[in-house]
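Asks: With the sequence up front, the predicted model follows.
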Amino acid sequence: MRKHIVAGNWKMNNDLPQSELLITDLLKQNQTSDAEVMIAPTFTNLWQAFESLRQESIEVIAQNMHFAENGAYTGEISASMLKSIGVKTVILGHSERRAYFNETDESLAKKVDAALANDMRTIFCFGEELQDRKSENHEAVVESQIKNALFHLEADAFKNIVLAYEPVWAIGTGETASPEQAQDMHAFIRKTLADKYGNDVADSVSILYGGSVKPGNAKEIFGKPDVDGGLIGGAALNAEDFYAIVNAF
Ligand SMILES: O=C(CO)COP(=O)(O)O
């Protein structure tokens with residue numbers, strides 16, 4: 001059985017008091033599903049979030065990290081720094097990192113290696129832009145993003161990899177991929193994995209969907225056989241909305 005995962009990516013939202021408030025609200029919600037729940041606050045709020053949630057079933061994860069262990073990389077954070085405060089999972093390759101901070105498949109491959117070398121789990125994000133979908137190139141784009149950043153790994157590494165398909169045209173736009181579009185792409189991703197690593201690996205990797213998931217559409221999207229969860233942006237900033245999505249399984 002693959003793990004169901006719902007992760008809230010807070011992006012660059014919430015200062016420390018706002019983060020504390022949202023965590024207080026999250027702790028008032030009831031979980032009725034079997035999903036693993038995660039939140040990814042900004043770096044400055046990670047320690048506080050970790051302390052508040054130490055005894056709870058919500059995992060605190062990071063939005064990004066550098067590939068180097070340490071050194072002259074002003075403004076960056078390493079895997080070992082995250083680990084030292086208890087963070088065990090990191091989101092890598094988000095389309096906003098790729099678009100605004102020049103992250104490439106090549107630099108992401110190094111980040112994935114650094115996370116794995118530190119025994120950290122990676123939620124690896126990828127997805128096509130609108131023009132790729134319009135020109136029916138979406139599968140080729142996604143395939144190359146996955147191959148370039150991940151296919152140097154041994155099969156065993158996929159125990160620590162979660163995939164997140166986030167079509168760029170559906171992020172923060174209110175426009176969602178239809179449940180069928182999500183399912184088609186997730187099945188394609190699983191086949192791409194199976195062709196390289198075999199069915200056992202492909203069937204064990206959780207593939208999340210991200211892009212305007214809301215309480216109103218989560219059930220239908222999560223109902224698809226190859227959708228194992230969601231990476232949630234805007235709706236993760238409200239505790240009730242977020243738990244309505246967590247409980248959509
Ligand atoms: O980018 C996302 C999660 O990483 C999705 O963001 P939205 O849910 O706001 O569309």
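Replies: Received, thanks.

Asks: near the ligand, which residues of the protein?
Replies: 9, 94, 166, 171-172, 210-213, 231-235 (C-beta under 6 Å from any ligand atom). (Glycine included, C-beta is placed from N, CA and C.)

Asks: Give me the buried subset of those residues.
Replies: With neighbours counted by 16 or more other C-beta atoms under 10 Å, the residues of the chain next to the ligand contain buried members at 9, 94, 166, 171, 210-213, 231-235.

Asks: So which bits of the helix ranked longest in the chain are buried?
Replies: In terms of residue count, the longest helix belonging to the chain (DSSP state H) is helix 179-197. For helix 179-197, burial by neighbour count (16+ other C-beta under 10 Å) applies to 179, 181-186, 188-190, 192-193, 197.

Asks: Nearest to the ligand among the buried ones among the residues of the chain next to the ligand?
Replies: Closest approach between these and the ligand, by C-beta to the nearest ligand atom: G233, at 2.2 Å.

Asks: Surely the closest one is in contact with A7?
Replies: No - with contacts counted by C-beta atoms under 8 Å, G233 stays clear of A7, the gap being 10.2 Å.

Asks: Now the phi/psi pair for I161, please.
Replies: phi -120, psi 130 (degrees, to the nearest 10).

Asks: before we move on, the earlier item: can you list which of the residues of the chain next to the ligand are found in strands?
Replies: Using DSSP state E, the subset of the residues of the chain next to the ligand located in strands is N9, G210, L231, I232.

Asks: quick one: what helix or strand has the closest residue to I58 other than its chain neighbours in it?
Replies: Distance criterion C-beta to C-beta, 6 or more residues apart in numbering; nearest residue to I58, sequence neighbours excluded, is V37 at 4.9 Å. Under the criterion of DSSP states H and E, V37 resides in strand 36-40.

Asks: next one: A7
Replies: strand 5-9.

Asks: quick one, helices of this protein?
Replies: 16-27, 43-52, 79-84, 95-100, 105-117, 130-134, 138-150, 179-197, 199-204, 218-222, 239-246.

Asks: With mean pLDDT added, can I get those in a markdown table?
Replies: Putting these into a markdown table (pLDDT from 0 to 100) gives the following:
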| stretch | mean pLDDT |
| --- | --- |
| helix 16-27 | 98 |
| helix 43-52 | 96 |
| helix 79-84 | 97 |
| helix 95-100 | 97 |
| helix 105-117 | 98 |
| helix 130-134 | 93 |
| helix 138-150 | 98 |
| helix 179-197 | 98 |
| helix 199-204 | 98 |
| helix 218-222 | 98 |
| helix 239-246 | 98 |
